[in-house]
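# got a predicted model here, sequence first, then my questions.
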Amino acid sequence: MNINIPNLLTWLRILLIPVFVTAFYLSDTTLSPHLKNLIATGVFLLAAVTDWLDGYLARRLNQSSAFGAFLDPVADKLMVAAALILLVKLGRADAIIAFIIIGREITISALREWMAKVGESKSMAVSMLGKIKTTFQMVAIALLLYHEEFAGLDCQVLGSMLLYMAALLTLWSMGYYLMMAMQRLKEI
């Protein structure tokens with residue numbers, strides 16, 4: 001395992017998950033609901049920034065590694081899954097939407113692993129559609145975690161709308177990756 005800045009940032013993202021989840025399990029006398037929302041949103045946004053930063057630094061500092069390429073998407077999926085499960089528990093997101101997003105992540109991860117085994121991992125590179133889906137997803141989750149009004153915006157309503165759009169983009173991108181895989185497999 002390479003010990004470098006990008007990999008340390010990825011490990012930090014994984015270590016932030018219990019901090020993020022614990023905020024909502026503390027009693028309201030220990031931490032007010034407002035502070036729970038604020039801390040969870042801040043930790044989630046910090047994780048999202050480290051996700052971008054570790055990729056940027058890996059490329060910029062030429063510190064890409066096979067371990068980092070493996071761990072980075074795992075960290076992302078763990079954080080998103082934890083957030084979605086927590087949002088469902090809090091009644092801020094629909095279980096079916098969480099299932100669609102988490103199910104897609106598991107399906108595409110398995111597909112990427114399988115494609116790598118048949119020597120076709122490059123055909124499963126992240127698409128622009130996947131990046132757009134991730135952006136919608138991260139903004140929606142942050143808004144739903146905050147849950148309160150912010151600058152005149154109802155974060156729950158806006159976050160819900162964006163999460164539904166993220167779920168549609170999730171299904172669309174899953175279809176795209178499945179078609180790419182089938183196309184590449186027919187060529188082999």
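Right, received. Where do you want to start?

# separation between Y56 and T170?
Distance of Y56 to T170, given as CB to CB, to the nearest Å: 24 Å. (Glycine included, C-beta is placed from N, CA and C.)

# the two: who's more crowded?
T170 (25 against 12; other CB atoms under 10 Å).

# grab the nearest non-local neighbour of that one.
When the adjacent residues along the chain are set aside, T170 lies closest to R104, with 4.7 Å between them (CB to CB, 6 or more residues apart in numbering).

# any idea which element the one you found lies in?
helix 95-117 (DSSP states H and E).

# and the contacts of that helix?
Outside helix 95-117, the residues that touch it by CB atoms under 8 Å, 6 or more residues apart in numbering are 73, 77, 80-81, 84-85, 87-88, 121, 123-124, 137, 163-164, 166-167, 170-171, 173-174, 177-178, 181, 184.

# drop anything exposed from these.
73, 77, 80-81, 84, 87-88, 123-124, 137, 163-164, 166-167, 170, 173-174, 177, 181, 184 (16 or more other CB atoms under 10 Å).

# out of those residues, name the ones that lie in helices.
The members of those that map onto helices under DSSP state H are 73, 77, 80-81, 84, 87-88, 137, 163-164, 166-167, 170, 173-174, 177, 181, 184.

# which neighbouring elements make contact with the host helix or strand of L38?
Element membership for L38, per DSSP H and E: helix 33-60. The contact analysis (3 or more CB pairs under 8 Å, 6 or more residues apart in numbering; DSSP states H and E) places helix 33-60 against helix 5-25, helix 66-89, helix 128-146.

# any low-confidence regions in the protein?
Within the chain, the segments meeting pLDDT under 70 span 1-2, 120-125, 188.

# please repeat the previous calculation with a cut-off of 90.
Under the criterion pLDDT under 90, the flagged ranges of the chain are 1-4, 6-7, 20, 51-52, 54-59, 61-73, 108-131, 134, 150, 176-188.
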